[in-house]
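Student: return atomic coordinates for the entry below.
(4 chains)
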Amino acid sequence: MIDVLYFAWVRERIGLPREQVETRAATVAGLVDELRAREERYAAAFADTSALRVALDQELADFDAPLAGVREVAFFPPMTGG
Amino acid sequence: MIDVLYFAWVRERIGLPREQVETRAATVAGLVDELRAREERYAAAFADTSALRVALDQELADFDAPLAGVREVAFFPPMTGG
Amino acid sequence: MGVRVQAAPFDQGAEIAAFTAAAAGAGAVVSFTGIVRPDHGLTGMEIEHYPGMTEKAIRSILDQAVRRWSLVDGLVVHRYGLLAPGEAIMMVATAAPHRGDAFAAAEFLMDYLKSRAPFWKKESRDGGATWVAAREADEDALKRW
Amino acid sequence: MGVRVQAAPFDQGAEIAAFTAAAAGAGAVVSFTGIVRPDHGLTGMEIEHYPGMTEKAIRSILDQAVRRWSLVDGLVVHRYGLLAPGEAIMMVATAAPHRGDAFAAAEFLMDYLKSRAPFWKKESRDGGATWVAAREADEDALKRW
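Tutor: Numbers count the residues shown, from 1 in each chain, chains lettered A, B, ... in the order given. Next up is the predicted model:
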């Protein structure tokens, strides 16, 4: 079980801020494929991963990063702080 | 008659902050030559004009600038504001 | 080094005064304040963030600044939640022996906070609310460091 | 645009707060404060200036900044007279729609104030008082603008 968090328009498209996900994916990209296959709202949110960023245990990571040992995955659009 | 002002170590070397000077010099450099000829303290203050700056009527100028119409000449070292 | 992420407004003048008073040995203090710009009919701005990661990310950016420049101190205050036009969104302050370091570190902090701290802005106008898109120029700004 | 040359101390926090509150339409406010750095046994600093020319020179530098960058407002406060270590010597503040303009204008103002506004600093130490020499780096800093 892994905690998956969504922020900004990713959260709005999927319709929830976080959920627990049972996954056997080896990488972030694998997890994204599993989520996309779930429902149309996930497919819409993950349609273009080049428009998304991912953090593993609160550190920015790449979509090909391994999930082994990761407890928290967050998906969000490019940040607009400051 | 022209007002001549001195600031910082120029003022200290010459020993006064301002004075009125009767001059027939055509340029700042000419005025400097006249002042240098006066007394040792002036010669010491104006020994190296590359270490000095000059303002004519409160605008930075060059030592070869003409004095015609100028009412106030100021000599000082490079500025150290901020 | 101080990092505060908060919903409450902050008093920018008091923050800078306290920061400067505490920055013993500094010859230069630079501050930046970001304000909700009241343009194009903007009625409000909502800022979402990622609690936990936000503080860590800002701390990491401050640590980088300290390693690169000779800083006496650094401060980042960033708000989240609903803000009105004209309200301060965030501020950074840097204190250094010399002005070059204070300016460079403040600009570095701003460039990195823009693109590497997990905040997202949503602007409200009469027509509805839209997420602010990241600007390519903001990502490009990181390349100069 | 504000220019103040004064012997009295100023309240940097209050200045920045008032400046920001008045800068309608600004999205970015940058401030710089220069402080008497208490190093090398410094006991005090005396700042001499050229009354009349000082204000004109600062105004001219501010005018140049306004012509070069998109500024909402600018402020320069500079003290003269006797200052103790740790006291604020001067400050600049800039307000602009965007951060790049506010930062660039503040750095430009500082670089020009250093070398083009008629102030001279004299440092007091136990051994006596010496005039601060202009640094070649400060003159060189003007070339980037």
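Student: show me the strands in the chain, by range?
Tutor: The chain I'm using is chain A. Residue ranges of the strands in chain A, as given by DSSP state E, are A:2-6, A:18-21, A:53-56, A:59-61, A:72-76.
Student: not quite, I wanted chain C
Tutor: Under the criterion DSSP E, chain C carries strands at the ranges C:2-6, C:28-35, C:44-49, C:73-79, C:81-83, C:88-96, C:119-125, C:128-131.
Student: does any part of the longest one sit near chain B?
Tutor: No - no part of strand C:88-96 sits close enough to chain B to count as contact by C-beta under 8 Å from any C-beta of the partner chain; the gap is at least 14.4 Å. From N, CA and C alone the C-beta is placed, and that goes for glycine too.
Student: by contact count, what packs against that strand?
Tutor: Using 3 or more C-beta pairs under 8 Å, 6 or more residues apart in numbering or on different chains; DSSP states H and E as the contact definition, the elements that strand C:88-96 packs against are helix C:12-22, strand C:28-35, strand C:73-79, helix C:99-116.
Student: give the partner strands of it in its sheet and their orientations.
Tutor: strand C:28-35 (antiparallel), strand C:73-79 (antiparallel) (DSSP bridges).
Student: report the angle between the first one and helix D:99-116.
Tutor: Between strand C:28-35 and helix D:99-116, the angle formed by their directions is 150 degrees, by axes from the mean of the first three to the mean of the last three C-alpha atoms, to 10 degrees.
Student: what angle do strand C:28-35 and helix D:12-22 make?
Tutor: Angle, strand C:28-35 to helix D:12-22, by the same axes, to 10 degrees: 30 degrees.
Student: so for strand C:28-35, mean pLDDT?
Tutor: For strand C:28-35, mean pLDDT is 98.
Student: quick one: distance of it to the chain centre.
Tutor: Centroid separation for strand C:28-35 versus its chain: 9 Å, with C-alpha atoms, centre = their mean, to the nearest Å.
Student: please apply the same query to stretch C:127-145.
Tutor: Offset of stretch C:127-145 from its chain centre (C-alpha atoms, centre = their mean): 14 Å.
Student: contacts for that stretch?
Tutor: The set of residues that contact stretch C:127-145 without belonging to it, under C-beta atoms under 8 Å, 6 or more residues apart in numbering or on different chains, is A:8-9, A:77-80, C:46, C:68, C:108, C:111-112, C:114-116, C:120-123.
Student: just the buried ones among those residues, please.
Tutor: When burial is judged by neighbour count using 16 or more other C-beta atoms under 10 Å in any protein chain shown, the buried members of those are A:8-9, A:77-80, C:108, C:111-112, C:114-116, C:120-123.
Student: nearest to D:His98 among these?
Tutor: Top of the list for closeness to D:His98, among the buried ones among the contacts of stretch C:127-145 and by C-beta to C-beta, is C:Lys114 at 11.5 Å.
Student: not counting sequence-adjacent ones, nearest residue to the closest one?
Tutor: Beyond its immediate neighbours in the sequence, the residue positioned closest to C:Lys114 (C-beta to C-beta, 6 or more residues apart in numbering or on different chains) is A:Gly82, lying 4.0 Å away.
Student: contacting residues around the one you found?
Tutor: Taking C-beta under 8 Å, 6+ apart, we find A:Gly82 in contact with C:Gly34, C:Ile89, C:Met90, C:Met110, C:Leu113, C:Lys114, C:Ala117, C:Phe119, D:Arg99.
Student: please redo it, this time with the cut-off set to 10 Å
Tutor: C:32, C:34, C:76, C:78, C:89-90, C:92, C:109-117, C:119, C:121, C:138, D:28, D:99 (C-beta atoms under 10 Å, 6 or more residues apart in numbering or on different chains).
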